[in-house]
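Q: curious how this folds, go ahead:
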Amino acid sequence: MPITVDQTGFTGVVAEGQDYATFAAILNNSNTEWAAYRMLVLVNFLDSGENYFTGTELQVTVLPGQLTAIAGQVFGAGTAFEMEIVPPEDTTSYLPFASSGTIEVSDVESTSSDAGMLTTGTLASTLTSDQTFLQLFAVYRDAEGDIVGGAPGAVEAIPSGGSVGFEISDTQPPPGVTSTEVYWQLGGQLPR
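A: Residues are numbered from 1 along each chain as shown. Below is the predicted model of the structure:
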């Protein structure tokens with residue numbers, strides 16, 4: 001079954017020479033035996049006439065049964081009317097894979113300052129192999145629970161059975177953030 005996009009949201013910013021959108025989307029791999037490995041996902045921004053005018057392409061790896069996210073900024077998208085997340089229709093990115101462990105995210109806390117927003121927390125791995133360059137994505141929500149943006153981050157390594165702390169720094173978070181969730185994706189090879 002294809003990867004599904006469960007939730008999306010963005011905030012456009014056009015002020016003081018700035019023109020960008022901060023965005024996030026929740027992705028779901030409901031397959032039990034297939035991983036999406038280095039799949040290219042399109043992030044398209046549309047005008048009020050539903051015409052594409054800017055976007056980006058992100059590479060994602062989603063393990064079977066994993067709920068993850070993508071997040072970041074797209075410059076030139078500050079006046080966007082709508083955003084669409086488009087996973088590919090072909091299945092060439094899917095590989096047979098039996099999950100063996102996961103990574104738990106805990107103690108997530110975001111603090112705001114004049115320098116932006118800093119999100120911290122802890123990752124604990126039960127994966128069967130050490131991982132390098134684990135990608136992280138902070139997803140920001142407002143008081144109504146709607147996604148208003150997000151930011152990417154990473155940790156250099158996490159050992160099998162170990163835990164590490166993380167920080168995700170965002171110098172231009174959207175206004176009105178009341179809660180933050182953090183999701184992960186493997187940046188290297190699938191665990192053995």
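
Q: output the lowest mean pLDDT helix or strand found in the chain.
A: strand 94-96 (a mean of 89; mean pLDDT, DSSP states H and E).

Q: return the distance of it from the chain's centre.
A: Offset of strand 94-96 from its chain centre (CA atoms, centre = their mean, to the nearest Å): 21 Å.

Q: ok, stretch 148-168 next?
A: With CA atoms, centre = their mean as the basis, stretch 148-168 stands 12 Å off its chain's centre.

Q: then stretch 43-56?
A: Relative to the centre of its chain, stretch 43-56 is centred 19 Å away, using CA atoms, centre = their mean.

Q: the host helix or strand of Thr180 - what's its average pLDDT?
A: Assigned by DSSP states H and E, Thr180 falls within strand 179-185. Mean pLDDT, strand 179-185: 97.

Q: check which residues of it are buried.
A: By neighbour count with 16 or more other CB atoms under 10 Å, strand 179-185 contains the buried residues Thr180, Glu181, Val182, Tyr183, Trp184, Gln185. To be clear about C-beta, it is placed using only N, CA and C from the backbone, and glycine gets the same treatment.

Q: strand partners of it, parallel vs antiparallel please.
A: strand 131-141 (antiparallel) (DSSP bridges).

Q: so what's Leu27 up against?
A: The contact partners of Leu27, by CB atoms under 8 Å, 6 or more residues apart in numbering, come to 3-6, 41, 60, 62, 67-70, 85, 87.

Q: which among those count as buried?
A: Applying 16+ other CB under 10 Å to the contacts of Leu27 flags Ile3, Val5, Val41, Val60, Val62, Thr68, Ala69, Ile70, Ile85, Pro87 as buried.
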